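1. Sequence plus the predicted model coming up.
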Amino acid sequence: MSEVKMLNMAGEAVGTIELNDAVFGIEPNQNAVHAVVKNILANKRQGTQSAKTRAEVRGGGRKPFRQKGTGRHRQGSSTDPSQVGGGVVFAPKPRSYRYTLPKKLRKLAMLSALSSKAQENELIVVDKLSFDAPKTKEMVKVLENLNAEKKALIVMAEKDENVIRSAANIQGIRTALVGTMNVYEIINHTSFIVTEEAVKKIEEVYA
């Protein structure tokens, strides 16, 4: 078990919290993280790109020019991909890029991402995070107190609309729940801000 400082919303140390080494202390597996990030980005693709093959473009029918005597190459159709206005060779068509990865690999990638944040001192544990009303100014102040004004992912155990709406308009700041956070978001943000309650829930889920 490793210990890290626990801060309050004012950025003051209010104690320490023990982190489970099985979740926050493993040797990060970069290959697993890469595979899962690639999978997440692939699953986000819309796959709506489309181009016409030579069978679908307008034209064709008759031979565009005579076979011999023009000094040009032989050509039988204006829809040939080598012609201006012709079809596209192996034209892309709408399709799904979605694929799945083994559960063990996804878990290893998540543990690797969490452990790397702890090892690189980018993990910030706060005792609680709550606002009386949605206030962007208050959230900005909290982030300044925690030295996490740039790119930060805020993870909560339970949904809190005031926190979510307070962070919604701040560039580079994202909020997530323990059940909705993913590897890409964790490694794509410089700071990983997590509440004490969320730490316990993460350890409960992934230990």
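-> Yep, that arrived. Residues are numbered from 1 along each chain as shown.
2. Report the contact partners of the closest residue to Thr16 other than its chain neighbours.
-> Residue nearest to Thr16 in three dimensions, not counting chain neighbours: Glu3, with 4.6 Å by C-beta to C-beta, 6 or more residues apart in numbering. Quick note: C-beta positions are derived from backbone N, CA and C, even for glycine. Glu3 makes contact with Thr16, Ile17, Glu18, Leu19, according to C-beta atoms under 8 Å, 6 or more residues apart in numbering.
3. Of these, which is the nearest to Ser112?
-> Leu19 (14.7 Å; C-beta to C-beta).
4. count of neighbours near the closest residue to that closest one other than its chain neighbours?
-> Once flanking residues are discounted, Leu19 sits nearest to Ser2: 5.2 Å by C-beta to C-beta, 6+ apart. Using other C-beta atoms under 10 Å, Ser2 has 13 neighbouring residues.
5. Would you mark the buried spots in the helix or strand containing Arg165?
-> Element membership of Arg165 [criterion: DSSP states H and E] is helix 161-167. For helix 161-167, burial by neighbour count (16 or more other C-beta atoms under 10 Å) applies to Asn162, Val163, Ile164, Arg165, Ser166, Ala167.
6. before we move on, what about stretch 138-153?
-> Applying 16+ other C-beta under 10 Å to stretch 138-153 flags Glu138, Met139, Val140, Val142, Leu143, Asn145, Leu146, Ala148, Ala152, Leu153 as buried.
7. how long is it from one end to the other?
-> 17 Å (C-alpha to C-alpha, to the nearest Å).
8. pLDDT weak spots in the chain?
-> 1 (pLDDT under 70).
9. That one: strands as residue ranges?
-> Assigned by DSSP state E, the strands in the chain fall at 2-7, 13-19, 123-126, 152-156, 173-177, 191-195.
10. Relative to Phe90, which of those strands is closest?
-> Using C-beta to C-beta, these put strand 173-177 closest to Phe90, at 37.7 Å.
11. strands paired with the closest one, and their directions?
-> strand 152-156 (parallel) (DSSP bridges).
12. any idea of the angle the partner strand forms with strand 191-195?
-> 20 degrees (axes from the mean of the first three to the mean of the last three C-alpha atoms, to 10 degrees).
13. then the lengthiest helix in the chain to CSV, C-alphas only?
-> For the chain, the longest helix by residue count, based on DSSP state H, is helix 103-119. What follows is helix 103-119, C-alpha atoms only, in CSV (Å, rounded to 0.1, in the frame of the first residue of the first chain):
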residue,chain,number,x,y,z
LYS,A,103,-11.9,-8.0,-21.0
LYS,A,104,-8.5,-8.9,-19.4
LEU,A,105,-6.6,-6.6,-21.8
ARG,A,106,-9.0,-3.7,-21.1
LYS,A,107,-8.6,-4.2,-17.4
LEU,A,108,-4.8,-4.3,-17.7
ALA,A,109,-4.9,-1.1,-19.7
MET,A,110,-7.0,0.7,-17.1
LEU,A,111,-4.8,-0.4,-14.2
SER,A,112,-1.7,0.7,-16.2
ALA,A,113,-3.3,4.1,-16.8
LEU,A,114,-4.2,4.6,-13.2
SER,A,115,-0.8,3.4,-12.0
SER,A,116,1.1,5.7,-14.4
LYS,A,117,-0.9,8.7,-13.0
ALA,A,118,0.1,7.7,-9.5
GLN,A,119,3.7,7.1,-10.4
